[in-house]
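1. Make a model of this:
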Amino acid sequence: MGLVQDAIVLAAGGYGKTSGALALIFKLGGETENLVWGCVQEALNKLSTAWWEQSSSDKTAIKTLGRRLFSPVANRLGFEYSSGEDPDTTELRTLAISYSADCGDEGCVTILPGEDVQD
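-> The predicted structure is shown next:
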C-alpha cells in the first residue's frame, strides 16, 4: 500500500513517472484485500485531482482505468449483501460498486437507484 501511495505522490508532484505509478496500480487488479483497494481508489482520486487542468481525455482515461479495475471486483463480489459476511468483504463490495459507478460503469450505475452519478 505504501508503494502505491509513494508512486502516486511522486507522480503527482512531478518527481516520478505517472505511467509507472499507473502500471503499478494496474498490476494490482487481482488483489483481494479491502485495504489495498482503498489505497488504489485514493491514489486514482489524487491523480485525478492533480490533473485538474489536463484535457478531458486524460481525465476520462483515469475513469476508464477505475472502471477496468473496480468493475470486475464488484461483479466478483456481487451486488447483494449477506448478513454473515465479514466486514472487509462488505466494505470492499461497497467501495467497488460505488467507485465503479462513479467511474461510469453502467452495470453499477443501474443498481444504484436514486443516485446521481456523473461522469
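2. Excluding chain neighbours, give the residue nearest to the spatially most central residue of the chain in space.
-> Geometric centre of the chain, nearest residue: residue 41, 3.8 Å, by Cα atoms, centre = their mean. Of all residues not flanking residue 41 in the chain, residue 99 sits nearest, at 5.2 Å (Cβ to Cβ, 6 or more residues apart in numbering). Every C-beta, even on glycine, is put in place using the N, C-alpha and C of the backbone.
3. hmm, back to that, okay, buried residues for the strand or helix carrying the residue nearest to the centre of the chain please.
-> Assigning secondary structure by DSSP states H and E places residue 41 in helix 34-50. Of all the residues in helix 34-50, those buried under the rule 16 or more other Cβ atoms under 10 Å are 34, 37, 39, 40, 41, 43, 44, 46, 47, 48, 50.
4. For the last one, which non-adjacent residue is closest in space?
-> Put plainly, it is residue 50. residue 12 (3.8 Å).
5. check contacts around the one you found.
-> 46, 47, 49, 50 (Cβ atoms under 8 Å, 6 or more residues apart in numbering).
6. Please report the distance of it from residue 62.
-> 12 Å (Cβ to Cβ, to the nearest Å).
7. Can you pull the residues that touch both of the two?
-> Common contacts of residue 12 and residue 62 (Cβ under 8 Å, 6+ apart): residue 47.
8. In the protein, what helix or strand scores lowest on average pLDDT?
-> Lowest by mean pLDDT, DSSP states H and E among the helices and strands of the chain is helix 106-110, with a mean of 79.
9. Check which helices and strands it sits against.
-> Counting contacts by 3 or more Cβ pairs under 8 Å, 6 or more residues apart in numbering; DSSP states H and E, helix 106-110 is packed against helix 56-77, helix 87-102.
10. Looking at those, which is nearest to residue 23?
-> For the helices and strands packed on helix 106-110, the distance to residue 23 is smallest for helix 56-77, at 10.7 Å, taking Cβ to Cβ.
11. Distance from that closest one to the middle of the chain?
-> Taking Cα atoms, centre = their mean, to the nearest Å, one finds the center of helix 56-77 at 6 Å from the center of the full chain.
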